[in-house]
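A.B. asks: Got a predicted model here, sequence first, then my questions.
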Amino acid sequence: MSALTQDTLSPAPASPIDKPSAGRAIKDKLATVAVWTAFGIAIIPLVWILYTVVDRGANLLFDPHWWTNSQRGIVARVAGGGAYHAIIGTLLQAAVTAIIAVPIAVFTAIYLVEYGRGKLARTVSFMVDILTGIPSIVAALFIYAVWVTTFGLERVGFAVCLALVLLMIPVVVRSTEEMLKLVPNELREASYALGVPKWKTIFKIVLPTSFSGIVTGVLLGLARIMGETAPLLILGPYSKSINTDLFGGFMAALPTMINQDRVESYDPALNRVWAAALTLIVLVMVLNIAGRVIARRSKVSR
Amino acid sequence: MKLSKHVALTSVALAGALALTACGSDDNSTGSSGSDETGTSVSGTLNGEGSSAQKNAIEEVISTFGDNNPDATVNYNPTGSGDGVKNFIAKQVDFAGSDSALKTEAVDGVVEADAAAERCGGNPAWNLPLVAGPIAIAYNLPGVEGLTLTPEVASEIFLGEIKTWNDPKIAAINEGVTLPSTKISVFFRSDESGTTENFQKYLSGSAPKAWTAEPSKVWPGKVGEGRAKSDGVAQGVKSVEGGITYAEWSYATSNDLGVAKIDNGAGAVELTGESAGAALTAAEVAGEGNDLKLKLDYATQTAGTYPIVLVTYEIVCSKGLDADKTTLLKSFLKHFASADTQSGLQEAGYAPLPAEIQTKVNTAIDAIS
Amino acid sequence: MSTITGHSELDAEPSGDSASTGRRGDRIFSGLATGSGIFIIVLVVAVAVFLLSQAIPALLDNKANFLLDRVWEVNDSELRFGIPDLLYVTVVSSLVAMIIAVPIAILVALFLTQYAPARLAAPFGYLVDLLAAVPSIVYGLWGFFVFREYVEPVQNWLADYFGWTKLLEEPVSLGTVFLASIVLAIMILPIVTAISREVFAQTPSTHKEAALALGATRWEMIRTAVIPFGTPGVISAAMLGLGRALGETIAVTIIVSTNPGAFRFSLFSGGETFASKIANNAGELGSSTKAGAYIAAGLVLFILTFLVNAAARIIIERRKAFSE
């Protein structure tokens, strides 16, 4: 999270003597108009998408059944049911992904900041960058190649988690790394001077100091993976019923719930598609905003 | 801030999430559905995958089955016939829905039927016809109702040889209908699909000169655009004036598309439950014993028979599933094949199986062990 | 958030064991850290190895030229597949997305760092970041069901005037590559903006003050101080955006129709990218012969994004070395 060093400079005070020529002034004005317009253009899709999703799906979110019931037994042309099965699937998969990815990512960041020197560290850092750029469909294909083709296992929720781990690790590594770097060296040195071993210093001083930053990274990572559809297409067949077993059976998730009915022609099904989209956006945005708020608060206190 | 405090907070959050898992409900029954079958209900989970042509049908069936058996879960993933069969053979699902029966001839050394038998622990897999759906030639031409097509003209339209709706060839078989000069936009299935194969079987069976491509699950045409799944093509036609596609009847009606009458040589036949049912009654059983593979006569010239009918099968192991799954599977299939369920499917745009076939299917289901 | 008080915890801990287990603890801890780092390397290598190992048999069985032949006929009996069409659609859709997104992103980044009122800059930045919080499947839905009808007139207009170029030939599809490109542009906008913003914000204020002191207008200051300073950062931002666009799956899959046999160069026709080809045929993976062909396509996508991302990182590293 880059600190926004807001520019406090303003253009040179216009003194009557060296007022810029008309041409230059016009160019300057044009540039101002251009950047404001660009900002407007960038915001339009956000507003438009949010409006569309709220307009077409919000009604269902006020129905308590939406949050407590599954889609079991509901056919496309009938209204009713809820998204509970998909919400719980998405949350469970996200939680398990985080449980696997976060320790690996945090330790990798610790390695990069506290231990890593030389070629190995540079390679690790480079590989993290490569992971950042891996398309989700490639991550899914990789897990498919391992899980289904090589080991002959069934497509289950846990396989989806494994693919998501690949996508979550780099986000958490990078944000944790940034936070660890911000911990003042004096703290570490003071601890060493007291005879505390390095690992305890890291565990008891460096990590707690940067904890909120790490949480931010985890939340942003979660926000990214919860909206992913590609791994679910390949590894996570949809079910209309509640399934909380990550190792057996089809398991619903919000993106697949959307994908399943997106081409449906019956209005009740389409209504549910948009409502599921809104639910997903709300979940992702809450995590996203929470992450950023925590990041800001920790910055303020520093 | 102490680490332990965070850990405590996190575990509270986790516990909360876990508590959430306990409060959801799968019960969406409206209460009106009294148990109209035998009181014994089954439980467990059954996973199926395959044909999207039968999606709307099987969802209705799963819905009513679930009302009677609240502890049983049946999932059906409408990814397409090809996928269904592959995942059935790969033991990823318990049954497959397919628009074409398992192939008995070798394709590159692999015989689908043999591979399926191997999957079932050495027992043959059976093709049970459970859903019959007419394929509609659906079009979007405001103001034009009751368009008639012959297999030859349909072939030329889908091949892109006829490019506009007021082409003389179309006009010749549609006297009295004012045809606009709108461009014809062909939509086809971008995924591998049994609907595509069956539609081509019809075209090549009834107009072998016009349609020369070998019927397969992949669309061979060179014009138009591909969209995924039956809903996708129907939706495409709905958005483009002058669009035409082939899709199961239910998709045409749910999108308010025009449905062409078919003239196989014995006069134009409108698509109705009866005219499609007539084609089914005329179908022959081509499989052996309880393997109920059906053979349809696409070139039929019987008056009042709508010739483009697709039969979708559930492909199941005759033996070899574990006992619990077998009980569940049999119970589900019984419900599927029952007269009540079959006649209820008409509402969703399908044709009920003729009584004769229903009986045969029931015999086969009883023989599953 | 108290930071320094970390000490007190330590004091509270009975630290008798720290001396004895210190060494071993250190070894275990550094082992865990180094192990995690090595695990990341192994992971990326494993991705490449697994994709390669499953793609090679299919590539050997391939009766067509993988790099040159424009066919994709995979069935269980015969494999004939080539990637030129996929490569073309993937690259062109992403490039067009970049052409649209990068200029806007630069202007937005300038707006956020140089123009926006100080108090509003942070919330405005938030808003742009929120674009990244919209799941890609929602972009796909919105793009195809809502946005499409607004793009169609633009397409028709462009085709009327520039239809003579192969690239903008008359629209024949509902879901066009062009529409996907615009949606992709919106999707990569927040990424490119965020990184550009970061580098613009780092412009040394001495440079800016010098320009202003010489009587430059704000725009001239930006042109002479901010943009030259930020250029390498913006280039790598654009590359990262490109990498994201190349691999985007579900939005493209929802939007773009597939082409029938005939291939067109026009942006106004359908097509498939590597990612959407795989997604459209996700079910075909069940057949091991076919799966190889799609995994081969996935491998090419992996290599493509690898190269683009590596290039972006190298540019950033160079800049760091240069500015230090």
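C.D. replies: Great, that's in hand. Residues are numbered from 1 along each chain as shown, chains lettered A, B, ... in the order given.

A.B. asks: And the residue nearest the centre of chain C?
C.D. replies: Nearest residue to the geometric centre of chain C (Cα atoms, centre = their mean): residue C:244, 1.3 Å.

A.B. asks: Tell me if it really is in a helix.
C.D. replies: Yes. Under DSSP: H, G, I helix; E, B strand; the rest coil, residue C:244 sits within a helix.

A.B. asks: Look up how far residue C:222 lies from it.
C.D. replies: Applying Cβ to Cβ, to the nearest Å, the value for residue C:244 to residue C:222 is 27 Å. C-beta: built from backbone N, CA, C; applies to glycine.

A.B. asks: for residue C:275, same thing?
C.D. replies: 37 Å.

A.B. asks: for residue B:47, same thing?
C.D. replies: Distance from residue B:47 to residue C:222, by Cβ to Cβ: 60 Å.

A.B. asks: quick one: which of these two has more around it?
C.D. replies: residue C:222 (24 against 21; other Cβ atoms under 10 Å in any protein chain shown).

A.B. asks: Can you give me the pLDDT of the more buried one?
C.D. replies: pLDDT, residue C:222: 92.

A.B. asks: need the contact list for it.
C.D. replies: A:31, C:110, C:114 (Cβ atoms under 8 Å, 6 or more residues apart in numbering or on different chains).

A.B. asks: Residue C:236 contacts residue C:309, correct?
C.D. replies: No. Contact between residue C:236 and residue C:309 fails when scored by Cβ atoms under 8 Å: they sit 9.5 Å apart.

A.B. asks: Near residue 103, how many other residues are there?
C.D. replies: Because you didn't say which chain, this covers chain A. Neighbours of residue A:103 using other Cβ under 10 Å come to 13.

A.B. asks: should've been chain C
C.D. replies: Per other Cβ under 10 Å, the neighbour tally for residue C:103 reads 13.

A.B. asks: Check residue B:181 too.
C.D. replies: When neighbours are defined as other Cβ under 10 Å, residue B:181 has 9 of them.

A.B. asks: what residue ranges in the stretch 1-150 of chain C score low on pLDDT?
C.D. replies: C:1-22, C:76 (pLDDT under 70).

A.B. asks: For it, which residue gets nearest to chain B?
C.D. replies: Residue nearest to chain B within the stretch 1-150 of chain C (Cβ to the nearest Cβ): residue C:77, separated by 3.6 Å.

A.B. asks: OK, contacts around the spatially closest residue to residue C:115 that is not a sequence neighbour?
C.D. replies: Leaving aside its chain neighbours, residue C:115 sits nearest to residue A:35 (5.1 Å; criterion: Cβ to Cβ, 6 or more residues apart in numbering or on different chains). Applying Cβ under 8 Å, 6+ apart, we find residue A:35 in contact with C:107, C:108, C:110, C:111, C:114, C:115.

A.B. asks: For the second one, what is the enclosing helix or strand?
C.D. replies: Think residue C:108. helix C:84-110 (DSSP states H and E).

A.B. asks: Can you list the buried residues in that helix?
C.D. replies: Of all the residues in helix C:84-110, those buried under the rule 16 or more other Cβ atoms under 10 Å in any protein chain shown are C:85-94, C:96-98, C:100-102, C:104-110.

A.B. asks: Hmm, residue C:191 and the residue nearest to the centre of chain C touching each other?
C.D. replies: Yes. Contact status for residue C:244 versus residue C:191: in contact at 6.0 Å, counting by Cβ under 8 Å.

A.B. asks: can you pull out the helices in the chain?
C.D. replies: Just so you know, I chose chain A. Secondary structure of chain A (DSSP state H): helices located at A:22-61, A:64-68, A:84-110, A:118-133, A:136-144, A:157-182, A:185-193, A:198-201, A:207-209, A:211-226, A:230-235, A:254-261, A:267-301.

A.B. asks: I was thinking of chain B, sorry if that wasn't clear
C.D. replies: B:3-22, B:55-68, B:81-89, B:112-119, B:151-159, B:168-172, B:194-206, B:229-239, B:249-254, B:273-281, B:323-337, B:339-344, B:355-367.

A.B. asks: does chain C sit close to the fifth one?
C.D. replies: No. With Cβ under 8 Å from any Cβ of the partner chain as the criterion, chain C is not reached by helix B:151-159; the gap is at least 10.2 Å.

A.B. asks: Could you grab the helix/strand/coil label for residue C:208?
C.D. replies: Residue C:208 - assigned by three-state DSSP - is helix.

A.B. asks: what about it, neighbour count?
C.D. replies: 21.

A.B. asks: what does the one 10 residues further on give?
C.D. replies: Applying other Cβ under 10 Å, we find 23 other residues in the vicinity of residue C:218.

A.B. asks: I'd like the secondary structure assignment at the residue in the stretch 201-324 of chain C that chain B sits nearest to, please.
C.D. replies: Closest to chain B within the stretch 201-324 of chain C is residue C:283: 2.7 Å, counting by Cβ to the nearest Cβ. The local conformation at residue C:283, judged by three-state DSSP, is helix.
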